[in-house]
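Chemist: What shape does this take:
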Amino acid sequence: MNDTTDPESPTALSQRMLQVVNATPVGVCITNSQGIFEFVNPAYCRFYGYRPDELLGQHFTMVVPPENKSLMRELHDRFIAGHNEVRGEWEVLDRDGNTKQIMADATHIRGNDGQPRKVTFIMDITERIRHERMREDVERLMRHDLRTPLNAIINIPALICEDANVSDEQRELLDIVERSARTMVEMIDASLNLYKLEAGSYPLQGEPLDLLELLSRVLVDCERATARRGQQGQLLLGDRPVTSTDRCSLRGEPLLYYNLFANLTKNAFEATPTDGQISLRVMCRSNGARVEIHNQGCIPAEIQPKFFDKYVTQGKSTGNGLGTYSARLIVDAVGGSIGFHSSEDTGTLLWVELPDDSCRADSAG
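Modeler: Here you go, the predicted model:
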């Protein structure tokens, strides 16, 4: 067993440094190039339920679930060889075999013998993950329960329209009610699918669709929602306005694509000044399509690096930070790509690359 206060120990720490590391609430361990524990601090032992002597001299995968042992060995070897390790969330096992969740980060050091070591820092996020899953379960139940009254709302306009005394203006209003209710059901279904997208288990079922027709509906719906602000949207095919005879055919899932572009276009309208202009530019290609959404607003510099992260939002009283996050999940699921350029001078240009067949991308993955 290694003594970290022994100056001859490969991982020797100064007495002052040892006091600091032992007092920190963050779990710390040091492993050698073979993955053997050479040092563990009290917080690390408390988290896993082991005594120091039960860990020291053992391979670090003793706290790793069996299905992840091979991967973790490979990542450890790559790290020792000089590759960087991205901070991540992992499942681990404590002494009693209970599954826990950690946030882990690591750094390189060299021991007194000149050999590389890995210092790993862990934080217990088990409760946070449990609360997130509970919230997601509650949200899914609420969304499910919302569909029942909405289905009734969808059917009522058609029943009223059977009355011969209903005027054309009333029929138009009833049609708006029905379409709005159907859109709400579609959006609820899309939000229910967010969990499957996060888990990578969403079953893609592509069908032929006209991307221009879909984007036209998105634009009309967003313009209607912001009519009081006087904003206008323009749908372009290349450098010219779209005509009624234009088509851009893909295979994809209309509901996912509507949700994707509705979120992004809604954000563009919200970021555009009153009476401003938003453009959706489509470039059709043999292997898919590119859509560019431009608005005159600028994404705040402080959130640009994490623009597509979950719950990231700023300056919007009704924003929940899920729009761009779900957009990224959808694009990743269909095998596309997404990005943006934003500045005070040029506004924000957000682009989406879509494959010609999202199901082919799914089966290849």
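
Chemist: Which residue ranges make up the domains of this protein?
Modeler: 15-124, 129-192, 203-364 (automatic domain parsing).

Chemist: Compare the ones you listed and say which comes out lowest on pLDDT.
Modeler: Mean pLDDT is lowest for domain 129-192 among these, at a mean of 74.

Chemist: Touching, Cys161 and Arg171? I think so.
Modeler: Yes: counting by C-beta atoms under 8 Å, Cys161 does reach Arg171; the two are 5.7 Å apart. C-beta coordinates here come from the backbone N, C-alpha and C atoms, glycine included.

Chemist: Cross-check the contact I'm expecting between Arg247 and Leu212.
Modeler: Yes: using C-beta under 8 Å, Arg247 is in contact with Leu212, at 6.4 Å.

Chemist: who has more neighbours, the two?
Modeler: Leu212 (21 against 11; other C-beta atoms under 10 Å).

Chemist: For Ile125, see how far away the more buried one is.
Modeler: For Leu212, the distance to Ile125 equals 44 Å [C-beta to C-beta, to the nearest Å].

Chemist: In stretch 231-250, which of the residues would be classed as buried?
Modeler: Neighbour-count burial for stretch 231-250 flags 231, 233, 235-237, 242, 246, 248, 250 (criterion: 16 or more other C-beta atoms under 10 Å).

Chemist: Tell me the one among these nearest to Ser70.
Modeler: Leu250 (38.3 Å; C-beta to C-beta).

Chemist: quick one: strands adjacent to the helix or strand hosting Phe37?
Modeler: Element membership for Phe37 (DSSP states H and E) is strand 37-40. Using DSSP bridges, the strands paired with strand 37-40 are strand 27-31 (antiparallel).

Chemist: Is Glu91 in a helix, a strand, or coil?
Modeler: strand (DSSP: H, G, I helix; E, B strand; the rest coil).

Chemist: I'd assumed Gln101 was in contact with it.
Modeler: Yes: counting by C-beta under 8 Å, Glu91 touches Gln101, with 6.2 Å between them.

Chemist: higher neighbour count, these two?
Modeler: With neighbours defined as other C-beta under 10 Å, Glu91 and Gln101 compare such that Gln101 has more, 17 against 14.

Chemist: any chance you could map the helices in this structure?
Modeler: Assigned by DSSP state H, the helices in the chain fall at 15-23, 42-48, 52-55, 69-80, 126-161, 168-192, 194-199, 211-225, 254-271, 323-333, 358-364.

Chemist: In a markdown table, list those helices along with distance to Arg285.
Modeler: What follows is those, written out as a markdown table (distance: least, C-beta to C-beta, whole Å):
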| stretch | distance to Arg285 |
| --- | --- |
| helix 15-23 | 55 |
| helix 42-48 | 51 |
| helix 52-55 | 55 |
| helix 69-80 | 36 |
| helix 126-161 | 36 |
| helix 168-192 | 26 |
| helix 194-199 | 25 |
| helix 211-225 | 11 |
| helix 254-271 | 16 |
| helix 323-333 | 16 |
| helix 358-364 | 15 |
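
Chemist: Ser343 is nearest to which of those?
Modeler: Among these, helix 254-271 comes nearest to Ser343, with 13.1 Å by C-beta to C-beta.

Chemist: got the angle between the closest one and helix 323-333?
Modeler: Angle, helix 254-271 to helix 323-333, by axes from the mean of the first three to the mean of the last three C-alpha atoms, to 10 degrees: 150 degrees.

Chemist: what angle sits between helix 254-271 and helix 168-192?
Modeler: Using the same axes, to 10 degrees: helix 254-271 against helix 168-192 is 100 degrees.

Chemist: just the CA coordinates of helix 254-271, formatted as PDB?
Modeler: C-alpha atoms of helix 254-271 as PDB (Å, rounded to 0.1, in the frame of the first residue of the first chain):
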ATOM      1  CA  PRO A 254     -42.700  15.700 -40.800                       C
ATOM      2  CA  LEU A 255     -43.500  16.100 -37.100                       C
ATOM      3  CA  LEU A 256     -39.900  16.100 -36.100                       C
ATOM      4  CA  TYR A 257     -38.900  18.500 -38.900                       C
ATOM      5  CA  TYR A 258     -41.900  20.800 -38.100                       C
ATOM      6  CA  ASN A 259     -40.800  20.900 -34.500                       C
ATOM      7  CA  LEU A 260     -37.200  21.500 -35.400                       C
ATOM      8  CA  PHE A 261     -37.900  24.500 -37.600                       C
ATOM      9  CA  ALA A 262     -40.800  25.900 -35.600                       C
ATOM     10  CA  ASN A 263     -38.500  26.200 -32.600                       C
ATOM     11  CA  LEU A 264     -35.700  27.800 -34.600                       C
ATOM     12  CA  THR A 265     -38.000  30.200 -36.500                       C
ATOM     13  CA  LYS A 266     -39.900  31.200 -33.400                       C
ATOM     14  CA  ASN A 267     -36.500  32.100 -31.800                       C
ATOM     15  CA  ALA A 268     -35.600  34.100 -34.800                       C
ATOM     16  CA  PHE A 269     -38.900  36.100 -34.600                       C
ATOM     17  CA  GLU A 270     -38.400  36.700 -30.900                       C
ATOM     18  CA  ALA A 271     -34.900  38.000 -31.400                       C
END
